[in-house]
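Visitor: Fold the following and give me the result.
(one chain, ligands or ions: 1)
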Amino acid sequence: MLYRLAHRAHLKGHRIRAGLWYRCAYLWCGAEISPGAKIGGGLRLPHPQGVVIGGEVEIGVMVTIGQHATLGGNLGKRDESGRIYPRIGDRCLIFAGAVVAGPIDVGHDTIIGANSVITKSVPSHVVVGGVPGKVLRAWPSGKDSQAGSTGSGEGA
Ligand SMILES: CC(C)(COP(=O)(O)OP(=O)(O)OC[C@H]1O[C@@H](n2cnc3c(N)ncnc32)[C@H](O)[C@@H]1OP(=O)(O)O)[C@@H](O)C(=O)NCCC(=O)NCCS
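Guide: Numbers count the residues shown, from 1 in each chain. Okay, here's the model as predicted:
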């Protein structure tokens with residue numbers, strides 16, 4: 001909610017107001033969500049402490065992010081379009097402590113394991129983990145998929 005207010009102010013060019021909402025969100029729940037991030041509906045942060053969503057990260061709908069996960073740039077690396085930040089697909093589940101960095105794409109319904117470091121694009125419907133992140137196995141799609149619906153607690 002506070003992120004939505006910050007993002008709206010950001011889109012209107014009200015940088016000070018956006019910054020105030022951003023700080024309110026940080027003080028209230030311990031998550032740092034950049035006003036410039038583009039986040040679809042249904043984001044869930046069951047344990048928001050330490051979550052960092054930087055710059056212009058793009059997140060699809062119904063994504064769940066665990067505590068202390070970080071989504072942001074990677075030493076300013078850019079792709080051919082000039083993009084710096086990752087793009088996360090719909091219904092992904094990003095577990096605690098994971099780092100997703102750089103101008104990469106994470107597909108839909110993908111699970112990113114705890115404490116993994118993902119700096120290369122990841123396809124849809126897989127479980128990835130490790131440092132550096134590797135595909136561990138396929139993840140069922142459609143009705144059988146549980147991505148985005150695991151975990152507990154209140155929404156963001
Ligand atoms: C990524 C994850 C979902 C995979 O679960 P899974 O598919 O049941 O995986 P398994 O436990 O069967 O392990 C399969 C392989 O992946 C590896 N693996 C599992 N999780 C991993 C991780 N986070 N990083 C690196 N490798 C991992 C295992 O070592 C195993 O390797 P092996 O086949 O060489 O022995 C799970 O391990 C995970 O990270 N869960 C996080 C839960 C969490 O953060 N809960 C907090 C709630 S508040």
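
Visitor: quick one, domains of this structure?
Guide: Listed by automatic domain parsing, the domain ranges of the chain are 1-29, 37-150.

Visitor: With mean pLDDT added, can I get those in CSV?
Guide: Shown next, in CSV, are the domains of the chain (pLDDT from 0 to 100):
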stretch, mean pLDDT
domain 1-29, 83
domain 37-150, 92
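
Visitor: now, of those, which is deepest in the fold?
Guide: Counting by mean count of other CB atoms under 10 Å, domain 37-150 has the highest mean neighbour count of the domains of the chain, with a mean of 18. The C-beta positions use only the backbone N, C-alpha and C, and glycine is treated the same way.

Visitor: which outside residues touch the longest helix seen in the chain?
Guide: Taking DSSP state H as the criterion, the chain has its longest helix at helix 15-29. Helix 15-29 is touched from outside by 2-3, 5-7, 9-10, 31-35, 45, 48-49, with contacts defined as CB atoms under 8 Å, 6 or more residues apart in numbering.

Visitor: Repeat the analysis, applying 7 Å as the threshold.
Guide: Residues from elsewhere that reach helix 15-29 (CB atoms under 7 Å, 6 or more residues apart in numbering): 2-3, 5-6, 9-10, 31-33, 35, 48.

Visitor: Please dump these into TSV; it should also carry distance to T119 and secondary structure for every row.
Guide: Below are the contacts of helix 15-29 laid out as TSV (distance: CB to CB, whole Å; DSSP: H, G, I helix; E, B strand; the rest coil):
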residue	distance to T119	secondary structure
L2	29	helix
Y3	25	helix
L5	32	helix
A6	27	helix
A9	31	helix
H10	26	helix
A31	22	coil
E32	20	strand
I33	21	strand
P35	25	coil
P48	24	coil
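
Visitor: Distance of H14 relative to Q67?
Guide: 30 Å (CB to CB, to the nearest Å).

Visitor: That should have said P140, apologies.
Guide: Distance, P140 to Q67, by CB to CB: 26 Å.

Visitor: Break down the chain into its strands, ranges please.
Guide: 32-33, 38-39, 52-53, 58-59, 64-65, 70-72, 87-88, 93-94, 99-101, 105-106, 111-112, 117-118, 126-129, 134-138 (DSSP state E).

Visitor: Does V100 touch P86 like I think?
Guide: Yes - using CB atoms under 7 Å, V100 is in contact with P86, at 4.9 Å.

Visitor: Alright, calling it a day.
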